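Peer 1: Next input, structure requested:
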Amino acid sequence: MDDIDARILSILRGNGRSSFVDMAKAINLTEGAVRARVARLSKDGTIKKFTIETKDDVNAVVMVATSRSISTTRVADSIRKLGVDRTYEISGNFDIICFVESSSIENVNATVEKIRAIEGVTDTSTSLVLK
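Peer 2: The predicted structure is shown next:
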């Protein structure tokens, strides 16, 4: 990845709906060159997915502690299977952090309950994102 790729990613992080034409103007490339770079970044896994966030989304940060007898990676994989894509193994008092996004608090709560039911989960701490 070079500086131009980094600039494209920066633009997409700011607005995932940026057009290839607008990005090309901002970076001083052709639209085709930008399109080809985005395609390559998607194909090689640098861009994992394009997402949509709506104004009514409810976001929560869930910290998860795991049992020493169960692999943290196995628990994290189980959380990902629930559809929680942004799940990371971390250091500190908790072993996993995940970002739950949903259309309602009820759906966030249902996901947290499913996380708590995973074998090896010993504790959770959930914070709703306010702003």
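Peer 1: wait, residue 115 sits on residue 62?
Peer 2: Yes. Using Cβ atoms under 8 Å, residue 115 is in contact with residue 62, at 6.3 Å. Yep, even glycine has a C-beta here, placed from its N, CA and C like the rest.
Peer 1: Next one: the nearest residue to residue 1 once chain neighbours are set aside from residue 106, what distance?
Peer 2: Leaving aside its sequence neighbours, residue 1 sits nearest to residue 46 (Cβ to Cβ, 6 or more residues apart in numbering; 6.4 Å). Going from residue 46 to residue 106 by Cβ to Cβ, to the nearest Å gives 35 Å.
Peer 1: So for those two, which sits in the more crowded spot?
Peer 2: residue 46 (14 against 10; other Cβ atoms under 10 Å).
Peer 1: show me what contacts the more buried one?
Peer 2: Contacts here follow Cβ atoms under 8 Å, 6 or more residues apart in numbering; on that basis residue 46 touches 1, 5, 9.
Peer 1: which of the residues you listed are buried?
Peer 2: 5, 9 (16 or more other Cβ atoms under 10 Å).
Peer 1: how far away is the residue nearest the centre of the chain from residue 26?
Peer 2: The centroid of the chain falls nearest to residue 86 when counting by Cα atoms, centre = their mean (3.5 Å). To residue 26, residue 86 is 27 Å away according to Cβ to Cβ.
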